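Asker: Next input, structure requested:
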Amino acid sequence: MTTVLDQLREMTTVVADTGSLDAVRRLKPIDCTTNPSLVLKAFDDPESRDLLKSQIEQAKAEGKSIQEIADDLPVALGAELSKLVPGRVSTEVDARLSYDTEASVARAHQIIEAYAKRGVGKERVLIKLAATWEGIQAARILQKEGIDCNLTLIFCLEQAVACADADAHLISPFVGRITDWNKAASGVESYTPEQDPGVKSVKSIFAYYKAHGIKTIIMGASFRNAGQIKALAGCDNLTISPELLSELDADTSTLDLALDANAVEQSAALDMSEAEFRWGTANDRMAHDLLADGIRKFHADYEKMMQLLA
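Answerer: Numbering: from 1, shown residues only. Have a look, this model is predicted:
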């Protein structure tokens with residue numbers, strides 16, 4: 001029996017938004033992600049928890065500081081995840097570096113080196129950076145060095161265009177957070193998938209990229225329900241939680257192609273200078289609020305991980 005998840009995999013590269021070894025082994029995604037948020041959740045999975053505890057004990061025995069252990073854990077988990085997926089593992093540069101290009105590049109080099117020590121080459125890793133202007137410029141430098149990047153916290157077309165100009169390997173527009181913001185701002189309780197602001201945002205980026213032959217991969221992220229995922233069938237990549245992956249795997253309805261690269265309308269190319277980028281993101285209240293809030297939340301999870309280790 002063909003499920004919606006089976007059909008989706010024929011149209012889109014499916015990525016698992018989890019650090020659970022058990023979930024990745026069971027759901028068989030192409031790529032996966034690791035960051036402080038997912039490391040915290042991974043402690044709920046017995047196998048992942050055992051791995052992390054073993055890493056912590058070993059690091060303490062080696063005399064490593066809490067800071068060093070916190071930096072090691074996402075890589076340790078990512079190295080194990082790389083054994084379970086055929087594709088890439090996205091690993092996050094510290095959120096507090098989101099407005100520092102030089103420091104972001106240096107941290108990315110440390111992450112790549114840490115993976116290399118565990119036998120994982122840079123071709124299996126995506127460096128995950130917040131799509132601030134500084135983060136995008138860090139990606140520009142890293143891409144020229146042959147280190148592929150995942151630009152995250154994408155909330156508007158200006159960010160997506162700047163990422164493409166920097167030759168970013170992949171971008172992650174956050175569907176659910178856009179939807180949540182618009183619900184709160186407008187007082188609307190729910191949207192149909194066709195009306196959903198988060199879905200519409202990804203569709204607009206998809207149309208622009210395909211109209212202009214941009215090779216940067218679009219990976220929809222942060223889903224609140226299966227309807228949002230179905231409405232983006234045909235997007236390059238979709239990163240999906242284990243709960244929603246399981247729901248799609250239990251659904252035997254017919255899934256239609258929603259995004260078709262051959263059916264997009266032509267549009268004018270946008271000039272995305274630093275001034276245009278900053279004005280565009282500042283003038284878009286939703287994008288401005290959510291980018292800063294996303295960085296704060298990423299850092300808050302890093303602080304929680306530090307407290308857990310302490």
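
Asker: The residue nearest to residue 66 when sequence neighbours are not counted: what's it in contact with?
Answerer: Using C-beta to C-beta, 6 or more residues apart in numbering and skipping residues adjacent in sequence, the residue nearest residue 66 is residue 309, 5.0 Å away. No exception for glycine: its C-beta is placed from N, CA and C like everyone else's. Shown in contact with residue 309 (C-beta atoms under 8 Å, 6 or more residues apart in numbering): 56, 66, 69-70.

Asker: before we move on, what about residue 182?
Answerer: 188, 191, 197-198, 286.

Asker: just to confirm, which helix or strand has it in it?
Answerer: helix 175-186 (DSSP states H and E).

Asker: pLDDT of that helix, averaged?
Answerer: Computed over helix 175-186, the mean pLDDT rounds to 97.

Asker: Using neighbour counts, pick out the buried residues of it.
Answerer: Neighbour-count burial for helix 175-186, counted by 16 or more other C-beta atoms under 10 Å, picks out 175-183.

Asker: Looking at this protein, which helix is longest?
Answerer: helix 285-309 (DSSP state H).

Asker: The stretch 101-250 of the chain: strands as residue ranges?
Answerer: Per DSSP state E, counting those that start in this stretch, the stretch 101-250 of the chain carries strands over the ranges 125-130, 149-154, 170-173, 217-220, 237-240.

Asker: Looking at these, which is nearest to residue 259?
Answerer: Each of the strands of the stretch 101-250 of the chain has some distance to residue 259 by C-beta to C-beta; the shortest is strand 217-220, at 8.9 Å.

Asker: looking at the strands of the stretch 101-250 of the chain, which is buried most?
Answerer: strand 149-154 (a mean of 30; mean count of other C-beta atoms under 10 Å).

Asker: quick one: contacts of that strand?
Answerer: Under C-beta under 8 Å, 6+ apart, the answer for strand 149-154 is 90, 92, 108, 126-131, 135-136, 138-139, 142-143, 159-160, 163, 166, 168-174, 205, 219, 221, 290-291, 294-295.

Asker: so what strands line up beside that strand?
Answerer: Based on DSSP bridges, the pairing partners of strand 149-154 within the sheet are strand 125-130 (parallel), strand 170-173 (parallel).

Asker: If I take the longest one and helix 285-309, what angle do their directions form?
Answerer: Between the direction of strand 125-130 and that of helix 285-309, the angle (axes from the mean of the first three to the mean of the last three C-alpha atoms, to 10 degrees) works out to 120 degrees.

Asker: contacting residues around residue 78?
Answerer: Counted by C-beta under 8 Å, 6+ apart, residue 78 has contacts 34, 89, 91, 115, 120, 125.

Asker: can you rerun that using 6 Å?
Answerer: Residues near residue 78 by C-beta atoms under 6 Å, 6 or more residues apart in numbering: 34, 89, 91.

Asker: Helix or strand: which one has it?
Answerer: Per DSSP H and E: helix 66-82 holds residue 78.

Asker: which other helices and strands contact the helix or strand just after that helix?
Answerer: Going down the chain from helix 66-82, the next helix or strand is strand 89-92, by DSSP H and E. Using 3 or more C-beta pairs under 6 Å, 6 or more residues apart in numbering; DSSP states H and E as the contact criterion, the elements in contact with strand 89-92 are strand 31-34, helix 66-82, strand 125-130.
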